[in-house]
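K.L.:
Quick check, what structure comes out for this input:
(chains A and B)
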Amino acid sequence: MLRYLRLYANCLRFSFSKALEFRLDFFFRVVMDCAFYAVQLAFFAVLYRHTALLAGWNFDQVLVFVAGFLVVDGLHMSLFSNNMWWFPIYVNRGDFDYYLVRPASALFFVGFREFAANSFLNLVIASGILAWALARYPEPLGFGTVLVYLALLVNGTMLYWVLQMCAIIPVFWLHSARGLLDSFWAAGQMIGRPDKIFRGVARTLLVTALPFSLIASVPAHVVFEGLSLERLAHVLGVTALAFAFMVWFFRRGLRAYSSASS
Amino acid sequence: MTPRLFLSTFGIETRKLMSYRVDFWLSAVIGFVVHVAIAFFLWRAIFDASGSERVGGYDFESMVLYYVLVSLFGKVVRGPEFPSDVSQDIYEGGLSRYLVYPTNYFLFRYAQHLGNLAPALVQLALFGTLCPIVLAVPDGFAPGFGAIAGTAAALLVGNALHYLLMLPVQLVAFWADNVWSLAVMMRLVAMLLGGFLVPLSLFPGGAEEAARFLPFPYLFHFPVEIVMGRLSPLAWAEGMGIALAWCGVLALVSSAVWQRGKLVYSGVGI
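P.N.:
The predicted structure follows:
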């Protein structure tokens, strides 16, 4: 474990120095993410001009949810987005060989090698938006509640990564993961919508087999309704199952990998 | 550029895109179904909570139809998700070979861009036929020849406008290493102010009025409003005039940036 932490510290150092070499790109990425945050907030602001409640949430509550979603997005962009961009390219070009011969877990390198330092600033901005949304929330919020919420958002980020990995891993068998990734991004829009707007089979799917709602929406319920053991077990259980499936799927993929011909 | 070369370039791009059929159908079906499904559930929740029959001038069926149309038309207007050919040419130095070709670089790239639209047109025809069978069509929705022709013209202008909006952003590559973030930012702004995320009639009065003078509504909102019969012929002519004027302005801006950029282009990539 300590060895991996040391390895990650080196990856971080390398990523920061690399990001600072491309200063204009650094600035563009910050502006892009700020535009994304503004669009998300404006979208709900427009909707709430026409309704007082959305899926049982008022505007103050939806702000907390959206801010939580932005933090998850910021964490994902900082920790995983660059790595997920390169993963299918490495497999197609045969560069994945270099990960396999290193004396460390290939999955660790696939997921964590590059830290997007330019998105880190946006994570700070998203955290500020979350702090603002929580501060303006009219009901009193306990420190413990906020702490559990933040922990569930971190868990949601991991789940987001796991789901994205599941969408990319088929690249070991297919020539291109483009279609699956596009589908993932399309389905990923559901992360930014309150879970209770969905009904019937769609809702069941979104909290079980395709658990997009467990990433940001279900954690927000903890802030408004308090933590129940059942909800915690549900979120953590699904995450653990999804992670186990992803690891198994990744290992199957490795067996199918045949260097540059993949 | 001769029409024959233009058509040939168009054909090659179409065939290239259709060569990964699984990718194409996965992106097409899942992307469309998810977009419409989210809109369906979101607006069902809003209509139920507000208790109103109409929101922003739309009843529930019209609202779902709006999202079906905006999703299909959006693909035709945008083409490929993030066209980066121009910026890549500049960044990698590949632009050099086009500079010595006896053809206009931008027309060549636009022909390629149009070639990428064929799949979107297939989706428009396919889902446009299937949707009335699966979803409830609002009463009175029966676009005539005039509305369809007006929409086709608006889509054509919308496509050119989108291309011209993205072009100056791509040309920033003369000075920057990576303009992908700028293109995404432009796309996000266009989605909000163009009525892709919510119809513009839901915006506060002043914002809706101001948006009309920006290029963005003519990408998504305008063609949908025409086919839904919500615009008079006069409003159509006015909208087309504004969209074409923006095309002219953006072409001038692109030309100016291109002229300045060529002066710093090294020919070997950054």
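K.L.:
Any buried residues in whatever helix or strand A:Leu254 lives in, and which?
P.N.:
Per DSSP states H and E, A:Leu254 falls inside helix A:229-256. The neighbour-count check on helix A:229-256 (16 or more other Cβ atoms under 10 Å in any protein chain shown) flags A:231, A:234-235, A:238-239, A:242, A:246, A:249-250, A:253 as buried. The C-beta positions use only the backbone N, C-alpha and C, and glycine is treated the same way.
K.L.:
same deal with stretch B:177-189?
P.N.:
Applying 16+ other Cβ under 10 Å to stretch B:177-189 flags B:178-189 as buried.
K.L.:
tell me the two of the residues you listed that are most distant?
P.N.:
Spatially, the most separated pair among the buried residues of stretch B:177-189 is B:Asn178 and B:Val189, at 18.7 Å (Cβ to Cβ).
K.L.:
circling back: show me what the helix holding A:Leu254 is packed up against.
P.N.:
When contacts are defined as 3 or more Cβ pairs under 8 Å, 6 or more residues apart in numbering or on different chains; DSSP states H and E, helix A:229-256 packs onto helix A:106-112, helix A:143-168, helix A:217-225.
K.L.:
Tell me what angle it forms with helix A:143-168.
P.N.:
Between the axis of helix A:229-256 and that of helix A:143-168 there is an angle of 30 degrees, by axes from the mean of the first three to the mean of the last three Cα atoms, to 10 degrees.
K.L.:
so helix A:229-256 versus helix A:217-225, what angle?
P.N.:
Orientation of helix A:229-256 against helix A:217-225 (the same axes, to 10 degrees) gives an angle of 160 degrees.
K.L.:
how far out from the middle of the chain is helix A:229-256?
P.N.:
15 Å (Cα atoms, centre = their mean, to the nearest Å).
K.L.:
I'd guessed A:Leu227 sits against A:Leu147; true?
P.N.:
No. Counting by Cβ atoms under 8 Å, A:Leu227 stays clear of A:Leu147, with 10.2 Å between them.
K.L.:
Please identify which of these two sits among more neighbours.
P.N.:
A:Leu227 (16 against 10; other Cβ atoms under 10 Å in any protein chain shown).
K.L.:
now the helices: where do they sit in the stretch 1-150 of chain B?
P.N.:
B:3-17, B:21-50, B:60-78, B:85-92, B:95-100, B:105-115, B:118-134, B:145-171 (DSSP state H, counting those that start in this stretch).
K.L.:
Which residues are in contact with the closest residue to chain B within the stretch 101-250 of chain A?
P.N.:
Nearest to chain B in the stretch 101-250 of chain A, going by Cβ to the nearest Cβ, is A:Gly179, at a distance of 3.3 Å. A:Gly179 is in contact with B:20, B:22-27, counting by Cβ atoms under 8 Å, 6 or more residues apart in numbering or on different chains.
K.L.:
Quick check: A:Phe115 is in a helix.
P.N.:
No. Counting by DSSP: H, G, I helix; E, B strand; the rest coil, A:Phe115 is not part of a helix but coil.
K.L.:
Need the per-residue pLDDT for it.
P.N.:
Listed pLDDT for A:Phe115 reads 89.
K.L.:
Likewise for A:Asp95?
P.N.:
What the model reports as pLDDT for A:Asp95 is 87.
K.L.:
Kindly report the same for A:Ile168.
P.N.:
At A:Ile168, the model reports a pLDDT of 93.
K.L.:
Now do the same contact list for it.
P.N.:
Taking Cβ under 8 Å, 6+ apart, we find A:Ile168 in contact with A:84, A:87-88, A:177, A:180-181.
K.L.:
circling back to that earlier point, could the helices and strands packed on helix A:229-256 be laid out in TSV, adding distance to B:Ile133?
P.N.:
Below are the helices and strands packed on helix A:229-256 laid out as TSV (distance: least, Cβ to Cβ, whole Å):
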stretch	distance to B:Ile133
helix A:106-112	43
helix A:143-168	30
helix A:217-225	32
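K.L.:
which one of the ones you listed lies closest to B:Ser266?
P.N.:
Of all those, it is helix A:106-112 that lies closest to B:Ser266, at 34.5 Å by Cβ to Cβ.
K.L.:
Name the surrounding residues that touch the next helix or strand after the closest one.
P.N.:
Scanning forward in sequence from helix A:106-112 by DSSP H and E, the next helix or strand is helix A:117-135. Contacts to helix A:117-135, defined as Cβ under 8 Å, 6+ apart, come from residues A:15-16, A:18-20, A:25-26, A:29-30, A:33-34, A:37, A:41, A:60, A:63-64, A:66-68, A:70-71, A:73-75, A:77-78, A:81, A:141, A:146, A:223.
K.L.:
Which ones among these lie within strands?
P.N.:
The members of the contacts of helix A:117-135 all map outside strands under DSSP state E.
K.L.:
and the stretch 101-250 of chain B, which residues reach chain A?
P.N.:
B:175-179, B:181-182, B:184-185, B:188-189, B:191-192, B:197-198, B:202-204 (Cβ under 8 Å from any Cβ of the partner chain).
K.L.:
Any stretches of the chain with poor pLDDT?
P.N.:
With no chain named, the answer covers chain A. Low-confidence regions of chain A, defined by pLDDT under 70, span residues A:260-262.
K.L.:
um, chain B though
P.N.:
Counting by pLDDT under 70, chain B shows low-confidence ranges at B:1, B:17-19, B:80-84, B:269-270.
K.L.:
so which of the contacts of A:Gly179 are also by chain A?
P.N.:
Among the contacts of A:Gly179, the ones lying near chain A by Cβ under 8 Å from any Cβ are B:20, B:22-27.
K.L.:
now stretch B:98-107: how far from the chain's centre is it?
P.N.:
How far stretch B:98-107 lies from its chain's middle: 25 Å, per Cα atoms, centre = their mean.
K.L.:
Likewise for stretch A:9-17?
P.N.:
Chain-centre distance of stretch A:9-17: 21 Å, with Cα atoms, centre = their mean.
K.L.:
Any buried residues in that stretch, and which?
P.N.:
So for stretch A:9-17, counting by 16+ other Cβ under 10 Å, buried means A:11, A:15.
K.L.:
Any part of that stretch near chain B?
P.N.:
No. Stretch A:9-17 is not in contact with chain B by Cβ under 8 Å from any Cβ; minimum separation 15.4 Å.
K.L.:
Just give me how far whichever strand or helix holds A:Asp182 sits from the chain centre.
P.N.:
Element membership of A:Asp182, judged by DSSP H and E, is helix A:178-188. Put simply, helix A:178-188 sits 14 Å off its chain's centre (Cα atoms, centre = their mean).
K.L.:
report the angle between the axes of it and helix A:143-168?
P.N.:
Orientation check (the same axes, to 10 degrees): helix A:178-188 against helix A:143-168 gives 160 degrees.
K.L.:
and A:Arg173, what is it in contact with?
P.N.:
For residue A:173 the amino acid is Trp, not Arg. Applying Cβ under 8 Å, 6+ apart to A:Trp173 gives the contacts A:253, A:256.
K.L.:
For it, give its distance to A:Met246.
P.N.:
Going from A:Trp173 to A:Met246 by Cβ to Cβ, to the nearest Å gives 16 Å.
K.L.:
Chain B contacts on the stretch 151-262 of chain A?
P.N.:
So the stretch 151-262 of chain A meets chain B at A:174-176, A:178-180, A:182-183, A:186-187, A:189-190, A:193-194, A:196-199, A:202 (Cβ under 8 Å from any Cβ).
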